[in-house]
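[1] Starting from these lines, generate the structure:
(chains A and B)
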2 protein chains.
Amino acid sequence: MISSKMVDLVKNSSVIRAMFEEGKKLAAKYGSENVYDFSLGNPSVEPPERVKEAIIEVLNEENQNLIHGYPNNSGYEDVREKVANHINQKFDTKYCHDNIVMTVGAAGGLNVIFKTLLNPSDEVIVFAPFFGEYRNYVSNYDGSLVVVSPNTKDFQPNLEEFKDKITAKTKAVIVNTPNNPTGVVYSEETIKKLAGILEEKQEEYKTSIYLISDEPYRELVYDGVEVPYLTKYYKNTIVGYSFSKSLSLPGERIGYLVLPDELDDAGDIKAAANVATRILGFVNAPSLIQRAVSRCLDAEVDVEIYNRNRELLYQSLLSYGYECIKPEGAFYLFVKALEEDDKAFVEKAKAHNILIVPGFSFGCPGYFRLAYCVDYDMIKRALPHFEQLAKEYGF
Amino acid sequence: MISSKMVDLVKNSSVIRAMFEEGKKLAAKYGSENVYDFSLGNPSVEPPERVKEAIIEVLNEENQNLIHGYPNNSGYEDVREKVANHINQKFDTKYCHDNIVMTVGAAGGLNVIFKTLLNPSDEVIVFAPFFGEYRNYVSNYDGSLVVVSPNTKDFQPNLEEFKDKITAKTKAVIVNTPNNPTGVVYSEETIKKLAGILEEKQEEYKTSIYLISDEPYRELVYDGVEVPYLTKYYKNTIVGYSFSKSLSLPGERIGYLVLPDELDDAGDIKAAANVATRILGFVNAPSLIQRAVSRCLDAEVDVEIYNRNRELLYQSLLSYGYECIKPEGAFYLFVKALEEDDKAFVEKAKAHNILIVPGFSFGCPGYFRLAYCVDYDMIKRALPHFEQLAKEYGF
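    I've put the predicted structure just below:
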């Protein structure tokens, strides 16, 4: 009796749930300390202490009906103003509250923007490997996902193929940097070329093509790498941000969209995003946490903890014979599977109690994703098993 | 450049925004104490002190990554179990965590359930007057809204017309009791008849018709009135609940769906609701507030404050010559406009600095809605103006 669109989605999710259940079974059988779960992007580093303080400050200092009542659908004006100022200070931009829509995480923000922009069969381009949920977000509004195949040399986007895949129906392009699943940060050179292509194609087709920068991992970067702020390179850029990883608050569902005045039809887009937030049932981003994050915009989780995990896992895997780009951001390694069939490889890893996600889920078969937002000691315990697994493949 | 579906929605919202701006202008011109805003359903009664305590308890007693991390898309299992037990105690039902999906308010819950159930052009029946957002929620999934015209005698649903409007394409029926905008509670007699009709029609068409009970106002009732729990009257009932009004937390976006095992295809529906929560971008109901409400399920706002407003406003309006059913629940009065054209009447009220919502917004022209979730003293100050307005119409 359920919607026919949901039937396949439920089937797929049963596969994931089965994997989950299997993990639980392994833990019950071998003890949870002997199961090495690298499958989930759930932050392991605690939120900064400042977050807890800020929530309690809000509760003690502000009016209860203000804290818990309906804000504007786009968020509290003072919160949005603080967010805008924070961005301005960091990136030398000129936003005000009117350019910010507080959202139910980045996932909420992306749904709002696709509801705002897409007509049925409008095309949205993504670069493989990509976060698999984009497929669903675009499909929610009957858009059509166009996938640019992966550049497995360095996992920068394949711009030649990108150019060829832009059509008169291209409404938006998603970039996700630092990237899930590769951890790669798109270089300034890449961004400039990408912007140039978009401008050329807008001119050619007399259309507006919106670049959607999905940035939940912006603050998780290593080795002092800079992540270019995309609104500065291309006029029709919309930023989707989330505090899920920067403050380790994924369950709280808090993020924002940046809708610059420079966008084609900026007025309509801002008004429609406000309405979309309401009618999609979000109504507004959760109120207490809006007020709390506005008090700790400068706070950050301790990225060094992830960095230590990254170094240990990356160096060790390389020494065992695995091939992998060293990630500059996020908390993922995207590793070449030791056989062509990544699903089969994932099964073999499971025989060593190692839980990982096959690359085909990200549109990039032949690889697997390791989420290293986990306990350091679990990594240490897992390493001999990764080594053993490599040996089975003759390394 | 925005989606063509959004163009009209933006136009309508501009009208509402204009009304909002006009209210601000009136306040600037005459002083905010001389503007009488009865337009918004934003709770005026403070959340129970217990809510603040519970939030701080969670922060001090529980693990920070548990509080703020990703729960299951359907919510924390322990929270869902507590919610189920609470319902069981109150209504003598037999639910467990598996029957509960925590949602981003009732609006989030309704979107999840329509995403779960609707195929394009499936019909969803509502009884006028009804909360206007239902139209958008159904349209989000390309469903078709079928409106049963109002029974203005007592605002119980018009069951004769209802019977005629059920077709083989009827997938769901929404009831909202206590009702927005009338404050009417559907009687047990009504519910039994309605259930009987649904059973007959399911039999006739060999279909499943889901009854969706939207219950944000369940706890706001007066004079000891009982609100029947609909799952006990009709097997294919889904309940959408919200803490927005019972705990005055509308900004927090927290509620739940009840998906009984007795539903046709219960397993698929539960699985699909879990997936829909994820892919619509909610991902999960906000986490800290999930944990907090699970600690104060017995708390309630002080309904007596609304009751006092209800009595004053109802008795006074009657004495001035207005016609209105005495509401038994929620915090609205649905009053007959003093001329046929409710929009014109609302404009005349505005000349007295009274802000109200025309009945046509609820599918019931000729009436207007007063939200009495406002300051008691504002009502007192407004009364002479309501009286004056009635006099202008010759009362």
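
[2] I would like the residues contacting stretch A:292-303, please.
    A:43, A:45-48, A:50-51, A:53-55, A:57-58, A:76, A:78-79, A:82-83, A:86, A:219-222, A:243, A:245-249, A:254 (CB atoms under 8 Å, 6 or more residues apart in numbering or on different chains). Every C-beta, even on glycine, is put in place using the N, C-alpha and C of the backbone.

[3] in it, what's buried?
    A:292-297, A:299, A:301, A:303 (16 or more other CB atoms under 10 Å in any protein chain shown).

[4] farthest-separated two in these?
    Within the buried residues of stretch A:292-303, A:Ser294 and A:Val303 form the most distant pair, 21.9 Å apart (CB to CB).

[5] So which residues make contact with stretch A:162-173?
    With CB under 8 Å, 6+ apart, stretch A:162-173 has contacts from A:113-114, A:117-119, A:121-127, A:143-144, A:146, A:148, A:194, A:197-198, A:201, A:205, A:207, A:209-212.

[6] Which residue ranges of the stretch 251-395 of chain A form helices?
    Under the criterion DSSP state H, counting those that start in this stretch, helices of the stretch 251-395 of chain A are mapped to A:266-279, A:287-293, A:303-320, A:342-350, A:376-392.

[7] Show me which positions of stretch A:254-264 end up buried.
    Taking 16+ other CB under 10 Å as the criterion, stretch A:254-264 shows A:254-260, A:263 as buried.

[8] average pLDDT for that stretch?
    Rounded to a whole number, the mean pLDDT of stretch A:254-264 is 98.

[9] State the distance spanning the first to the last residue of that stretch.
    In stretch A:254-264, first residue to last residue: 26 Å (CA to CA, to the nearest Å).

[10] Quick one: residues contacting A:Asn309.
    A:331, A:372-374, A:376, A:379.

[11] With adjacent residues omitted, what lies nearest to it?
    Leaving aside its sequence neighbours, A:Asn309 sits nearest to A:Tyr372 (CB to CB, 6 or more residues apart in numbering or on different chains; 4.2 Å).

[12] was I right about the one you found contacting A:Arg308?
    No. Applying CB atoms under 8 Å as the test, A:Tyr372 and A:Arg308 come out as separate, 9.5 Å apart.

[13] Those two: which is more packed in?
    A:Tyr372 (24 against 14; other CB atoms under 10 Å in any protein chain shown).

[14] what's the spacing between that one and A:Asp342?
    Going from A:Tyr372 to A:Asp342 by CB to CB, to the nearest Å gives 18 Å.

[15] Ok, A:Asp261 next?
    Taking CB to CB, one finds A:Asp261 at 44 Å from A:Asp342.

[16] and what of A:Tyr306?
    A:Tyr306 is 24 Å from A:Asp342, by CB to CB.

[17] same question, A:Asp92
    In terms of CB to CB, A:Asp92 sits 42 Å off from A:Asp342.

[18] neighbour-wise, which of those two wins?
    Using other CB under 10 Å as the criterion, A:Asp92 and A:Asp342 rank with A:Asp342 on top: 25 against 9.

[19] tell me which residues in whichever helix in chain A runs longest are buried?
    Ranked by number of residues, the top helix in chain A under DSSP state H is helix A:4-30. The neighbour-count check on helix A:4-30 (16+ other CB under 10 Å) flags A:5-6, A:9-10, A:13, A:23, A:26 as buried.

[20] shouldn't A:Pro216 be in contact with A:Ser248?
    No. With contact defined as CB under 8 Å, A:Pro216 does not count as touching A:Ser248 (11.6 Å).

[21] Spell out the residue ranges of the strands in the stretch 1-150 of chain A.
    A:36-37, A:100-103, A:123-127, A:144-148 (DSSP state E, counting those that start in this stretch).

[22] how much space is there between the residue most central in space within chain A and B:Ser213?
    By CA atoms, centre = their mean, the mean C-alpha position of chain A lies nearest to A:Pro216, the distance being 4.9 Å. Applying CB to CB, the value for A:Pro216 to B:Ser213 is 36 Å.

[23] What of A:Arg135?
    33 Å.

[24] Give me the more crowded residue out of the two.
    B:Ser213 (25 against 17).

[25] Shouldn't the more buried one be within a strand?
    Yes. B:Ser213: assigned to a strand according to DSSP: H, G, I helix; E, B strand; the rest coil.

[26] Name all residues that make contact with A:Arg291.
    Counted by CB under 8 Å, 6+ apart, A:Arg291 has contacts A:58, A:62, A:67, A:76, A:79.

[27] if we go to 6 Å?
    Shown in contact with A:Arg291 (CB atoms under 6 Å, 6 or more residues apart in numbering or on different chains): A:Val58.

[28] Quick check: pLDDT value at it.
    So A:Arg291 comes in at 98 (pLDDT).

[29] and the lowest-mean-pLDDT helix or strand in chain A, what other elements does it pack with?
    Across the helices and strands of chain A, the lowest-confidence element by mean pLDDT, DSSP states H and E is helix A:4-30, at a mean of 86. Judged by 3 or more CB pairs under 6 Å, 6 or more residues apart in numbering or on different chains; DSSP states H and E, the packing partners of helix A:4-30 are helix B:266-279.

[30] Distance from the chain centre to the helix it packs on, please.
    22 Å (CA atoms, centre = their mean, to the nearest Å).

[31] report the angle between the axes of that helix and helix A:4-30?
    Comparing the axes of helix B:266-279 and helix A:4-30 via axes from the mean of the first three to the mean of the last three CA atoms, to 10 degrees yields an angle of 90 degrees.

[32] So which bits of helix B:266-279 are buried?
    B:266, B:268-279.

[33] what do you get for stretch A:318-337?
    A:320, A:322, A:324-325, A:327-337.

[34] Could I get the phi/psi values of A:Ile174?
    With angles defined as degrees, to the nearest 10, A:Ile174 sits at phi -100, psi 130.

[35] so it sits right up against A:Phe127, yeah?
    No. Contact between A:Ile174 and A:Phe127 fails when scored by CB atoms under 6 Å: they sit 7.9 Å apart.

[36] Look up how far B:Ala299 lies from the closest residue to A:Leu59 other than its chain neighbours.
    Nearest-residue entry for A:Leu59: B:Lys52, 5.3 Å, with adjacent residues in sequence omitted and distances by CB to CB, 6+ apart. Computed as CB to CB, the B:Lys52 to B:Ala299 distance reads 11 Å.

[37] what's the answer for A:Gly359, then?
    Counting by CB to CB, the gap from A:Gly359 to B:Ala299 is 48 Å.
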